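J.: Fold the following for me, if possible:
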Amino acid sequence: MTTFRSSIAIICFIQALGLTAQIDSVVKYDFFGYRNNKIHRLKTGRFLTVYMRDTIEAGTEAKIYEKTEGDLISKTDSFLLIDFSENKTSYFYKDSSKTTTTNASYDEYPGPLIKKIPYERINYLEYEPKVTPIFGGIAAVSLITALVIAPLVSYNFSKQTFNSFKYLSIVKPSLFVFAVGMTINLSFNHRRLNLKPSLTQP
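T.: Numbers count the residues shown, from 1 in each chain. This next block holds a predicted model:
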């Protein structure tokens, strides 16, 4: 009986060692900025475009490019969960190509489409900072002001005269704000993050 209990204890100990080795062997990943190489923390709810690593289709030797767009649901140490709005897969053969697209519309799919993406499959991802739509809107309003509102305000319809001084006083600041807004919008537009092993491995 003692020998049997000892054998069970040894087996459990060996299994525990194997489990510990598996846990220790898990590689942690972080998302680094494409330009500054700083670690970025992804927040849930952010809209992402995830580009997968290129793969080869078995049998046809076609090169497969795949990307998924959608909102981030959660992030673990090994995968992302995406509530995707579109998943596009392109197949490139030697003499032809084809693309299949899955769009998550409520008419075709009654619920959210959840996709689990392991980090090993991710090449890189892109996201749009929250400030981008704000400055894009400011630039659009400024351009409309310069092209539409300024001429209307500067023209006297009763006398059929045009006040160039008033026109320039509106157009100049409007175009300046447009230029600043577009510059900031393009600077923050679609940031790219690369997936790399974490600098602090367990």
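
J.: residue boundaries of the strands in this protein?
T.: With DSSP state E, the ranges of strands along the chain come out as 29-33, 39-40, 47-52, 55-56, 63-75, 79-92, 97-103, 114-118, 122-127, 155-156, 161-162, 191-197.

J.: Could you report the neighbour count for N123?
T.: Using other Cβ atoms under 10 Å, N123 has 14 neighbouring residues. Where C-beta positions appear, they are placed from N, C-alpha and C, glycine not excepted.

J.: can you check L193 too?
T.: L193: 21 neighbours (other Cβ under 10 Å).

J.: what are the bridge partners for it, then?
T.: G33, L125 (DSSP bridges).

J.: My read is that it contacts N123, right?
T.: No: if you go by Cβ atoms under 8 Å, L193 and N123 don't touch, sitting 10.8 Å apart.

J.: and of the strands of the chain, who's closest to A179?
T.: Among the strands of the chain, the nearest to A179 by Cβ to Cβ is strand 191-197 (21.7 Å).

J.: residue closest to the middle of the protein?
T.: L48 (2.5 Å; Cα atoms, centre = their mean).

J.: Please report the distance of it from D30.
T.: 15 Å (Cβ to Cβ, to the nearest Å).

J.: what do you get for L125?
T.: According to Cβ to Cβ, L125 and D30 sit 12 Å apart.

J.: Tell me who's in contact with K43.
T.: L72 (Cβ atoms under 8 Å, 6 or more residues apart in numbering).

J.: no, scratch that, I was asking about I114
T.: I114 neighbours (Cβ under 8 Å, 6+ apart): I73, L81, I82, D83, F84.

J.: Per-residue pLDDT of the residue nearest to the centre of the chain, please?
T.: At L48, the predicted lDDT confidence score is 87.

J.: Isn't it up against K75?
T.: No: L48 lies out of contact with K75 (Cβ under 8 Å); the separation is 10.3 Å.

J.: which residues are in contact with both of those two?
T.: Listed as contacting both L48 and K75 by Cβ under 8 Å, 6+ apart are L42.

J.: what's the distance between T49 and Y29?
T.: T49 is 18 Å from Y29, by Cβ to Cβ.

J.: Beta-bridge partners for the residue nearest to Y127 when sequence neighbours are not counted, please?
T.: In space, and not counting its chain neighbours, Y127 is closest to L48: 5.2 Å by Cβ to Cβ, 6 or more residues apart in numbering. With DSSP bridges as the criterion, L48 is bridged to G70, Y127.
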